Each structure stands twice: as structure tokens, then as C-alpha cells.
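>>> fold the following, please.
(one chain, ligands or ions: 1)
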Amino acid sequence: MYKAPRGTVDILPEEQRYWRFVETSAVSLCRLYGYQRLDTPAFEDAQLFTRSIGQGTDIVTKEMYTFEDRSGNVLALRPEGTAPVCRAYLEHGMDNLPQPVKLYYMAAIFRYERPQAGRYRQHYQFGFEAVGDGDPVLDAEIIEMAWKYFETLGIDGLNLYVNSIGCKACRPRYLEELKRYYASHVQGLCADCKSRFDKNPLRLLDCKQSVCYEVTEAAPKSTDYLCRECLVHFESVVGYLEALEIPFELSHRLVRGLDYYTKTVFEIQPPGEGAQSALGGGGRYDDLIDELGGKPTPAIGFASGMERVVLNLKKRKIAVPEPSVPPVFIAYLGNEAKLEAAKLASTLRRREVPAVLATGDRSLKAQLRQANGLGAGYTAIIGENEVKVGKVTLRNMGTGEQETLAPEALIQLLKEIE
Ligand code: AMP
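All right, here's what the predicted structure looks like:
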């Protein structure tokens, strides 16, 4: 027997209502803030990601699904959503549009991670990006939008952490300080942090291992090393967030896992859960478009894992809209009746009434059981008698009441119910 590959899941019909709820909430949110949808391919030139995400990051060193196609092109399944948006922004000349260009996506993301609850090798992200503007008011708008997304879904009590990790001008000095500080502690750090110390020192800060925690608490803070421009920007973002009454907490440990971030970074987490529980995060990436061959273009974005949102909705028992069930099941007895039943089903659908036609030659009892299983409100029954008189018996599945109707009257009645 085949199984879904490790780290992947099937989203079964009974779970779809959670997904539709998340999607429709996301679409309404984007409409409210003026973001337009962009869909990009599931795979891209692998270099798009290695250049943007950064050579020292976990995603590039350990997690990318990279492959060579039959023409020798080196491609990678999308391990994150921002770089493809920037690639499309440049490819389609969106830099000529009025800026910022506001885009959103819902897409499958592929990372070869160690699977566990809420962490998969294929997961879906809802993300939005505002490209082409460096105004701190936009940072506040994106953060507010992310916050509002969870509010709309009914997921409350979350923590919002904000930090600034500076820019090309001020970060080197900060990294130097950070390395100087960690140099005397490196022996006591976890194995991952020992290698991060050389490869990606910023990531030392968000290690969740208890052996590293205390060391990190006392580490130098990036916000103490910001250049004038980054400091003004950061203070301005904080000011806007306060004015918008967004409840955030400054966290010097928050750095995010991708290299392209500059200035503002933020993350939203449920209380009391570890790092793997982040419901979403984002930040500014003012150098990314430049890095990908465009002119210097500031931008900011956010992405949230949809599986984790669904898990939270379920855990919190948040009511989501019930799926619509077909209002009518069509049962028959005998071959002649089966032909009439098939014709009735076809007519109903032509008149926009969803209908499910029985199959096979089961007893009426078995057919009614199937109708119940589907949650149908009514069953239209055609037996020998009905065929003779050209009518249909309609059974209300809730009350068990039955009445015999002409097909047109039945269609009218079902149309009203629909
Ligand atoms: P990232 O691009 O790593 O910042 O991820 C953005 C969001 O996607 C995270 O905050 C999570 O909600 C979600 N996410 C990231 N990686 C995974 C994964 N492997 N499985 C499920 N959700 C994930």
C-alpha cells in the first residue's frame, strides 16, 4: 500500500471547511487592505532561493528540494513565498506601476524538515507583500493586517513580537559585537549553535535550547546598534503600532530564519508554546529586489502557515461555517425508475439544484441510509407507481414526512430550499 510521503498530509473532505474558512478570511482581509492575488509556479530556478534566502540558512543548506530537470536546469520546489513574488515583480515590470505594489498569495511550500506536529515537508502559506515603499507606516500596516487576520479567525490571546535587525550599514558592527560576546560562551552552547557561531551568528539569538537560553538573554541587542536611519525607522514603526493600538512586545531575540530581512522583523505566536508554533512572521527586506537584479526597492511582507492556523482553530474549538450538503438524494426502485431518476437528477442540476443520484440496485432502505449519511435534507423516490403516474415522492429526511409531487412542483420546492 502506498502512503503519502513522510511529512505530507491529505486534506480530507471533512477538513475542507476549516481550509475554506481560512482562505475566505484571508481573501476578505486582502480586499480590505487593497492587496491583489499573485500565483507563481511551484518551482523556480534554484538560484533564486540560494541567492535571496542566504547560503548559511537552514533552508538552503538542509531543506531545499533541488533537482535537475531533463534539460539540465537546476530547479527547486518553492521553499518560501517572498522571493518568487519579487521575481515576478521584476519580470512583469511592476516597478513601473504606482508604488507600493501590494500582493498576496496562498501557496504550497516545500522544506525537507524533520516532521512533527505543525511542521511538514509540504505546507501551505498565506502571505502578503508590499513592494516598492520604505515608509514605516507600511510596516505598521502589514503588522496590523497580520494581527487582524488572526482576530478575524477568532484566534486570540496571541503574542506579537517585534524587533529591528538593522541594515547593511549597521548590522556588521552588531554582528561583530555579537560574535565577541558569544566567543567566550561558545563551549557551553548546543551543537547547532556552535556551527551557527561561524555560519550565521544572528541565528544564535533565536535558539530555543535551554542551554543557550541564558547566554542569549544577556547578549547584545541589535536595537542598541542601529544606525541613525534604522533607529528613526524603528522608533517610527513603534509609534505607529502604539497609535494603532496593536499590542506588541519588543523582543531582542527575534531574528527570523532568512538572510534577506532588514530593519523590522516580527512574529506572532500562541502563548506558552515553542518556536515551532509560530503562526506567522515577516519583516522588511529592503535589499532583496536589488539582490535579484532590480534597482534598490524597499519592501515588507508577512507569511503564515495555514496548517498551524487550522490546528489552532480545531484546538480552540472555533466554529467554522458548515459545509453545504446536497439538498436532495435521488433514490429509485427498478430499471425503468432508474432512467427517470437519472433524467430528474440531470434536470435538477440544469436548474442549479445540487443533487446526488443513487447507483446500483440497492433496497430503498439502503438508499435512504446513504442519503442520511450524505446529510441530504430530502430524498426524491421514484418507484414503479411513480413511473406510472409521472410523479415523484419527496421524503423529508428530518421528519420522515412524504408527499407525491409532479416533477416541476418538486423542482420549484427544492429551488426554494436551496
Ligand atoms: P517562515 O517562512 O519560516 O517564516 O514561515 C512562515 C510561517 O509558515 C511560520 O510562521 C509557520 O506558521 C509556517 N511554517 C513554516 N515552516 C513550516 C512547516 N515546515 N510546516 C508547517 N508550517 C510551517
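
>>> roughly how far apart are the residue of the stretch 151-300 of the chain found nearest the ligand and Arg37?
Residue nearest to the ligand within the stretch 151-300 of the chain: Ala278 (3.8 Å; C-beta to the nearest ligand atom). Every C-beta, even on glycine, is put in place using the N, C-alpha and C of the backbone. If you measure Ala278 against Arg37 using C-beta to C-beta, to the nearest Å, the figure is 24 Å.

>>> and those two? which has more neighbours close in?
Counted by other C-beta atoms under 10 Å, Ala278 and Arg37 do not tie: Ala278 has more neighbours, with 20 against 12.

>>> so what's that one up against?
In this structure, Ala278 makes contact with 267-269, 305, 308, judged by C-beta atoms under 8 Å, 6 or more residues apart in numbering.

>>> shaky segments in the stretch 151-300 of the chain?
The stretch 151-300 of the chain contains residues with pLDDT under 70 at 273-276.

>>> what about 90?
Along the stretch 151-300 of the chain, the parts satisfying pLDDT under 90 run over 186-189, 191-204, 206-217, 255-260, 271-277.

>>> show me what from it comes close to the ligand.
With C-beta under 6 Å from any ligand atom as the criterion, the stretch 151-300 of the chain meets the ligand at residues 257, 278-281.

>>> nearest to Leu12, of those?
Minimum distance to Leu12 across those is 22.4 Å, recorded for Leu279 (C-beta to C-beta).

>>> and Arg284, how close does it get to Pro79?
20 Å.

>>> which of those two has more neighbours?
Using other C-beta under 10 Å, the more surrounded residue of Arg284 and Pro79 is Arg284, with 29 against 24.

>>> before we move on, the earlier item: got the residues of the stretch 151-300 of the chain next to the ligand as a markdown table, with distance to Gln187 and secondary structure columns?
Below are those laid out as a markdown table (distance: C-beta to C-beta, whole Å; DSSP: H, G, I helix; E, B strand; the rest coil):
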| residue | distance to Gln187 | secondary structure |
| --- | --- | --- |
| Gly257 | 25 | coil |
| Ala278 | 29 | coil |
| Leu279 | 35 | coil |
| Gly280 | 35 | strand |
| Gly281 | 31 | strand |
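
>>> tell me which two of those residues sit farthest apart.
Farthest pair in those (C-beta to C-beta) is Gly257 and Leu279. Separation: 15.2 Å.

>>> residue of the chain closest to the ligand, please.
Using C-beta to the nearest ligand atom, Gly305 is the residue of the chain that sits closest to the ligand, at 2.5 Å.

>>> what is the burial count for Thr359?
Residues near Thr359, counting by other C-beta under 10 Å, number 10.

>>> secondary structure element for it?
Here Thr359 is covered by no helix or strand, with elements defined by DSSP states H and E.

>>> please apply the same query to Leu138.
Assessed by DSSP H and E, Leu138 sits inside helix 136-153.

>>> can you spell out which helices and strands pack onto that helix?
Contact analysis of helix 136-153 by 3 or more C-beta pairs under 8 Å, 6 or more residues apart in numbering; DSSP states H and E lists helix 16-33, strand 122-131, strand 159-164, helix 228-243, strand 262-269, strand 280-284, strand 299-305, helix 306-315 as its packing neighbours.

>>> now the angle between helix 306-315 and that helix, please.
For helix 136-153 against helix 306-315, the angle by axes from the mean of the first three to the mean of the last three C-alpha atoms, to 10 degrees is 40 degrees.

>>> which of the residues in helix 136-153 are buried?
Neighbour-count burial for helix 136-153, counted by 16 or more other C-beta atoms under 10 Å, picks out 136, 138-147, 149-150, 153.

>>> again, but for stretch 6-14
In stretch 6-14, counting by 16+ other C-beta under 10 Å, buried: Gly7.

>>> ok, now stretch 92-99?
Across stretch 92-99, burial judged by 16+ other C-beta under 10 Å covers 94, 99.

>>> how far does it sit from its chain's centre?
From the chain centre to the centre of stretch 92-99 is a distance of 26 Å (C-alpha atoms, centre = their mean, to the nearest Å).

>>> show residues contacting that stretch.
Stretch 92-99 is contacted from outside by 88-89, 101, 131-133, 294-295, 297, using C-beta under 8 Å, 6+ apart.

>>> ends of it, what's the gap?
End-to-end distance for stretch 92-99: 14 Å, by C-alpha to C-alpha, to the nearest Å.

>>> so who does the closest residue to Asn73 other than its chain neighbours touch?
Sequence neighbours aside, Asp45 is the residue nearest to Asn73 in space, at 7.2 Å (criterion: C-beta to C-beta, 6 or more residues apart in numbering). Residues in contact with Asp45 (C-beta under 8 Å, 6+ apart) are 73-76.

>>> pLDDT score assigned to the residue nearest to Gly34 when sequence neighbours are not counted?
Nearest non-adjacent residue to Gly34, counting by C-beta to C-beta, 6+ apart: Lys102, 5.7 Å away. Per-residue pLDDT puts Lys102 at 98.

>>> Lys102 - how many residues pack around it?
Using other C-beta under 10 Å: Lys102 sits among 22 other residues.

>>> just Tyr285 next, same as before
Tyr285: 28 neighbours (other C-beta under 10 Å).

>>> next up, the contacts around the nearest residue to it once chain neighbours are set aside.
Nearest residue to Tyr285, sequence neighbours excluded (C-beta to C-beta, 6+ apart): Tyr260, at 4.4 Å. By C-beta under 8 Å, 6+ apart, Tyr260 lies in contact with 52-54, 82-83, 285, 287-288, 291.

>>> using the three-state scheme, assign Tyr260.
Secondary structure state of Tyr260, per DSSP: H, G, I helix; E, B strand; the rest coil, is coil.

>>> just the pLDDT at the residue nearest to Glu68 when sequence neighbours are not counted, thanks.
Nearest residue to Glu68, sequence neighbours excluded (C-beta to C-beta, 6+ apart): Val74, at 5.5 Å. We have a pLDDT of 97 for Val74.

>>> my read: Val74 touches Gln47, true?
Yes. Look at Val74 against Gln47 with C-beta atoms under 8 Å: they come within range, at 7.4 Å.

>>> of the contacts of Asp45 - the most surrounded one?
Sorting the contacts of Asp45 by how many neighbours each has (other C-beta under 10 Å) puts Ala76 first, at 20 neighbours.

>>> ok, which stretches of the stretch 301-418 of the chain are strands?
For the stretch 301-418 of the chain, the strands defined by DSSP state E, counting those that start in this stretch cover 328-332, 355-357, 378-382, 392-396, 402-405.
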